[in-house]
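**Student:** just a sequence and a predicted model for now, questions to come.
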Amino acid sequence: MRCDAGLQGDAFQTAIRGNAQGGIASVLAIEDSFESHVEDTLKTGCGLCDREVVERVVRQGPETDSQMDQWGTEFDRVDGKIDITREGGHSHPRIAHAHGDSTGRGLAEALIRKVKQQNNINIIENFFSIDLLTGPDGGCLGIIGYRPRAGYEIIWAAATILATGVRADFTVRQPILKSPPPTVTRCLSCRGGTAGYGIYAVFIRRRCISPVHPVP
């Protein structure tokens with residue numbers, strides 16, 4: 001399978017700013033259990049969690065941590081083992097960090113190195129998304145975007161994923177045009193059939209739910 005990844009920015013810098021400071025939770029201690037992690041999550045979720053999804057994610061946690069470790073994530077360690085702490089609504093220590101409060105950056109750096117090793121992933125940098133392309137039935141067929149040095153481009157795809165990051169920046173934005181050359185802000189549009197779920201529970205900065213230019 002071939003993947004085209006369009007990125008807004010240079011050399012993945014957007015992905016490794018280090019804004020994601022929290023750790024990642026998984027069952028790594030002998031005295032901990034999947035059942036405990038599941039119950040902690042459901043309790044803290046106050047009825048908003050899908051139990052089936054929670055159980056699946058929790059049980060995949062240790063394997064995912066191990067995979068990220070093998071890919072070179074520089075987890076904080078004590079005596080050679082991944083250090084885990086107890087935080088938030090967790091009843092056991094299970095929070096792993098990388099570079100202290102720069103866990104997001106540590107994970108991103110490892111993933112970026114892995115992505116660059118894959119021959120079937122084509123990285124398109126400085127790609128500013130404009131709109132999703134849809135067919136007569138409303139299904140998404142790909143995306144149209146703009147690159148300052150290449151102009152407008154279309155990426156046809158059987159599946160399109162909007163990986164917007166923690167800001168949940170998927171709202172329609174007004175284009176900013178400069179001359180010369182014209183550049184366009186990314187437009188991650190729900191018009192293309194994007195499904196939104198539990199938006200009220202997503203951390204959204206104010207500027208991500210407002211147009212670039214105020215609407216009268």
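**Tutor:** Received, thanks.
**Student:** let me know the helix or strand that residue 145 is in.
**Tutor:** When elements are assigned from DSSP states H and E, residue 145 belongs to strand 140-147.
**Student:** show the subsequent helix or strand relative to that strand.
**Tutor:** Downstream of strand 140-147 (by DSSP H and E), the next one is strand 151-156.
**Student:** what mean pLDDT does that following strand get?
**Tutor:** Across strand 151-156, the average pLDDT comes to 91.
**Student:** with only the CA atoms kept, save that strand in CSV.
**Tutor:** Output in CSV follows, covering the C-alpha atoms of strand 151-156 (Å, rounded to 0.1, in the frame of the first residue of the first chain):
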residue,chain,number,x,y,z
GLY,A,151,1.2,25.4,-7.3
TYR,A,152,-2.1,23.6,-6.8
GLU,A,153,-2.0,19.9,-6.5
ILE,A,154,-4.6,17.1,-6.2
ILE,A,155,-3.9,13.9,-4.3
TRP,A,156,-6.4,11.1,-5.2
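**Student:** partner strands of that strand, parallel or antiparallel?
**Tutor:** strand 140-147 (antiparallel) (DSSP bridges).
**Student:** so which bits of the strand it pairs with are buried?
**Tutor:** The neighbour-count check on strand 140-147 (16 or more other C-beta atoms under 10 Å) flags 140, 142-143, 145-147 as buried. C-beta coordinates here come from the backbone N, C-alpha and C atoms, glycine included.
**Student:** mind exporting the strand holding residue 145 as PDB, just the C-alpha atoms?
**Tutor:** Below are the C-alpha coordinates for strand 140-147, written out as PDB (Å, rounded to 0.1, in the frame of the first residue of the first chain):
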ATOM      1  CA  CYS A 140     -14.200  11.500  -0.200                       C
ATOM      2  CA  LEU A 141     -11.900  10.900  -3.200                       C
ATOM      3  CA  GLY A 142      -8.800  12.800  -2.000                       C
ATOM      4  CA  ILE A 143      -7.700  16.300  -1.400                       C
ATOM      5  CA  ILE A 144      -6.700  19.500  -3.200                       C
ATOM      6  CA  GLY A 145      -3.900  21.600  -1.800                       C
ATOM      7  CA  TYR A 146      -1.300  24.200  -2.600                       C
ATOM      8  CA  ARG A 147       2.500  24.300  -2.500                       C
END
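**Student:** that older thread, lowest pLDDT pick from the buried residues of strand 140-147?
**Tutor:** Of all the buried residues of strand 140-147, residue 140 has the smallest pLDDT value, namely 82.
**Student:** any chance of the buried residues of strand 140-147 in TSV with distance to residue 89 as columns?
**Tutor:** Below are the buried residues of strand 140-147 laid out as TSV (distance: C-beta to C-beta, whole Å):
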residue	distance to residue 89
140	36
142	41
143	38
145	40
146	43
147	44
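**Student:** most widely separated two among these?
**Tutor:** 140 and 147 (20.6 Å; C-beta to C-beta).
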